[in-house]
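Generate coordinates for the sequence data below:
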Amino acid sequence: MTEHSEDLSLEEFTRRFTIAAIKLAGFETFEDGSTVAAYCEEAAPGYFSDPLARQEGPEACALEDMRYWGEE
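Predicted structure coming up:
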């Protein structure tokens, strides 16, 4: 759990989610040309809206989300 992660704004949650995803992935653009940042802007609000996920923090949510990358 990230300290005070439940107090983050959506914007800060998304910013940290995006930074974590890019750092963990090691790239900023998917093979199809779309950006990780654009994907994160769409994905992060779903985690943010879940109080349990928000409590875990944006970095943990990014890691969890990335477990499904590449699946069809």
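
now residue 56: how far from residue 27?
24 Å (CB to CB, to the nearest Å). C-beta here means a position set from N, CA and C on the backbone, and glycine is covered the same way.

higher neighbour count, these two?
Counted by other CB atoms under 10 Å, residue 56 and residue 27 do not tie: residue 56 has more neighbours, with 17 against 9.

List the buried residues for the worst-scoring helix or strand of the chain on mean pLDDT?
Sorting the helices and strands of the chain by mean pLDDT, DSSP states H and E puts helix 51-56 at the bottom, at a mean of 94. Judged by neighbour count (16 or more other CB atoms under 10 Å), helix 51-56 contains these buried residues: 53-54, 56.

Off-centre distance for it?
The chain centroid and the centroid of helix 51-56 are separated by 12 Å, computed with CA atoms, centre = their mean, to the nearest Å.

Low-confidence stretches in this protein?
The chain contains residues with pLDDT under 70 at 1-5, 71-72.

For it, just list every one of the helices.
10-25, 36-48, 51-56, 58-66 (DSSP state H).

If you count neighbours, what's buried in the second one?
Read it as helix 36-48. Across helix 36-48, burial judged by 16+ other CB under 10 Å covers 36, 40, 43-44, 47-48.

hmm, back to that, now do the least confident helix or strand of the chain: which elements does it pack against?
Contact here means 3 or more CB pairs under 8 Å, 6 or more residues apart in numbering; DSSP states H and E; on that basis helix 51-56 packs against helix 36-48, helix 58-66.

repeat that for 7 Å
Here helix 51-56 touches helix 36-48, going by 3 or more CB pairs under 7 Å, 6 or more residues apart in numbering; DSSP states H and E.

quick one: the helix it packs on to helix 10-25, angle?
Going by axes from the mean of the first three to the mean of the last three CA atoms, to 10 degrees, helix 36-48 is angled at 120 degrees with respect to helix 10-25.

That'll do, ta.
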